[in-house]
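J.: Got a sequence here, can you build the structure:
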Amino acid sequence: MTGMDVSPPRAPGTSGPADPDIGPDAGPDIRPDIGPDIGRAPSGTQVELRYGSQSVTVVEVGGGLRCYTAGGRALLDGYQVGERCTDARGQILAPWPNRLRDGSYAAGGQHYQLPLTEPARRNAIHGLVRWARWSVAEQREDRAALTYSIPPQSGWPFTLDLRVDYELGPAGLAVTTTGRNAGPQPCPYGVGSHPYIIAGAMTIDGLRLRAPGARRLLTDDRGIPAGDDPVTGTEYDFRAGVTIGSAALDTGYRDLERDEDGLAWVVLADDSSGEATGVWLDQSYPFLMLFTGDSLPDPARRRRALGVEPMTCAPNALQTEDGLAILQPGDCLTSRWGITPTPPRPRA
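T.: Model (predicted):
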């Protein structure tokens with residue numbers, strides 16, 4: 001992966017900050033504006049960003065996205081400052097997204113065992129950084145960068161530096177994640193994010209969903225891929241825009257259709273009010289999960305929002321290597337996605 005682009009975030013039509021350095025050498029821990037004094041908030045320091053009528057809060061614990069509003073409208077089903085993040089809301093999923101069967105994998109001729117963080121299905125899920133305390137490496141009014149270095153530990157012998165840049169601009173929020181192998185051996189790497197988007201209505205059932213996946217991942221009863229099928233002519237085809245209705249999704253997609261800028265789009269729209277929320281993925285994200293929340297532990301959260309999970313690799317990629325990056329020492333991989341309150345209309 002030598003020579004990968006490591007510049008910070010650029011939403012469509014916007015520019016990003018100038019300093020792409022990541023990891024412990026990225027400069028001092030800068031915390032000039034952390035919002036109100038919240039004591040021991042479960043999500044730690046609150047980093048507030050603003051641009052025009054847009055407002056975003058990202059958090060120290062997990063480095064993730066807690067809330068996003070634009071013009072007074074919420075775009076995310078997030079969580080309150082006094083709450084602990086549940087259901088992976090807005091979290092960063094690294095160094096692998098989604099599930100790893102039995103929590104085991106091989107690298108460099110050695111076998112490794114990770115903790116089973118989804119014990120009911122005997123999987124390790126969503127990486128190692130969701131509850132880590134990240135450092136605020138840079139902050140301005142409309143942007144911030146958070147960093148964290150994953151140290152070698154049981155089941156993970158690698159050193160991986162992570163930086164996530166959040167930037168607000170005219171087109172919305174851009175999120176850029178850079179992973180750098182800071183260790184002496186090749187490092188497997190994948191990353192994802194887990195926002196839950198909304199578009200005004202109390203439930204998603206009456207909303208229209210447009211999503212880019214041309215093939216869906218077939219999974220076993222543990223959520224592990226076992227092949228893929230074309231979506232044409234099936235209930236899983238949302239490329240033209242379909243009312244969600246009673247569709248229950250916990251579904252992975254690949255072969256994502258893209259616009260002329262190389263972006264894949266997920267758009268959730270309320271046709272009665274005209275409100276819409278869009279998520280874009282650059283070409284570093286060839287996989288996507290959509291989740292209607294039917295299996296969430298809290299019934300009040302179910303079908304209230306659509307989980308949209310951009311992924312640089314497939315579920316179980318530490319075993320299958322499907323989309324998995326192998327970073328040589330010093331190499332980086334940068335990936336970009338974003339959210340907008342004004343997604344493009346579908347082409348005629």
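J.: tally of neighbours for G233?
T.: 7 (other C-beta atoms under 10 Å). Every C-beta, even on glycine, is put in place using the N, C-alpha and C of the backbone.
J.: Need the pLDDT of it.
T.: Note for G233: predicted pLDDT of 96.
J.: And for E275?
T.: 95.
J.: From R345, how far off is T234?
T.: T234 is 25 Å from R345, where distance means C-beta to C-beta, to the nearest Å.
J.: Please apply the same query to V47.
T.: Taking C-beta to C-beta, one finds V47 at 33 Å from R345.
J.: Of these two, which one has the most company?
T.: Ranked by neighbour count (other C-beta under 10 Å), V47 and R345 place V47 first, with 24 against 11.
J.: Next, the contact list for the residue positioned nearest the centre of the chain, please.
T.: In the chain, the centroid-proximal residue (C-alpha atoms, centre = their mean) is S193; its distance is 1.1 Å. Neighbouring residues of S193 by C-beta atoms under 8 Å, 6 or more residues apart in numbering: G64, L65, G90, Q91, I92, L93, V175, T177, E309, P310, W337.
J.: Now tabulate the residues you listed in CSV and tack on neighbour count, distance to A264 and secondary structure.
T.: Conversion of those to CSV gives the following (neighbours: other C-beta atoms under 10 Å; distance: C-beta to C-beta, whole Å; DSSP: H, G, I helix; E, B strand; the rest coil):
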residue, neighbour count, distance to A264, secondary structure
G64, 27, 21, coil
L65, 25, 19, strand
G90, 26, 20, coil
Q91, 24, 21, coil
I92, 27, 19, strand
L93, 26, 18, strand
V175, 25, 15, strand
T177, 25, 16, strand
E309, 25, 13, strand
P310, 30, 9, strand
W337, 27, 9, strand
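J.: Can you tell me which of these is closest to A325?
T.: Among the contacts of S193, T177 lies closest to A325 (C-beta to C-beta), at 12.0 Å.
J.: Enumerate every residue touching the closest one.
T.: Contacts of T177 (C-beta under 8 Å, 6+ apart): I92, A94, L162, R163, V164, D165, V191, S193, T334, S335, R336.
J.: Same check on A214?
T.: P230, V231, T232, R239, Y253, R254, D255, L256, E257.
J.: element containing it, please.
T.: strand 213-219 (DSSP states H and E).
J.: what number of residues lie near the residue nearest to R66 when sequence neighbours are not counted?
T.: Once flanking residues are discounted, R66 sits nearest to T57: 4.6 Å by C-beta to C-beta, 6 or more residues apart in numbering. Burial of T57 is recorded as 20 neighbouring residues (other C-beta under 10 Å).
J.: which SSE is T57 in?
T.: Going by DSSP H and E, T57 is in strand 54-59.
J.: what comes up buried for that strand?
T.: Q54, V56, T57, V58, V59 (16 or more other C-beta atoms under 10 Å).
J.: looking at it, the first one is touching L168, isn't it?
T.: The one in question is Q54. Yes: contact criterion C-beta atoms under 8 Å: Q54 and L168 qualify, at 5.2 Å.
J.: Give me the pLDDT for the residue of the chain positioned farthest from its centre.
T.: Most distant residue from the mean C-alpha position of the chain: G109, 30.0 Å away (C-alpha atoms, centre = their mean). The model reports G109 with a pLDDT of 94.
J.: Who are the contact partners of it?
T.: Counting by C-beta under 8 Å, 6+ apart, there are no residues that G109 touches.
J.: Now do the phi/psi pair for it.
T.: phi 80, psi 10 (degrees, to the nearest 10).
J.: Any regions of this protein where pLDDT drops low?
T.: 1-39, 347-348 (pLDDT under 70).
J.: where along it do the helices fall?
T.: 317-320 (DSSP state H).
J.: Distance check, the residue farthest from the centre of the chain against Q185.
T.: Relative to Q185, G109 is positioned 11 Å away (C-beta to C-beta).
J.: Show me what the nearest residue to Y236 once chain neighbours are set aside is bridged to.
T.: Using C-beta to C-beta, 6+ apart and skipping the chain neighbours, the partner closest in space to Y236 is R216 (4.8 Å). Note on R216: beta-bridge partners by DSSP bridges are D229, Y253.
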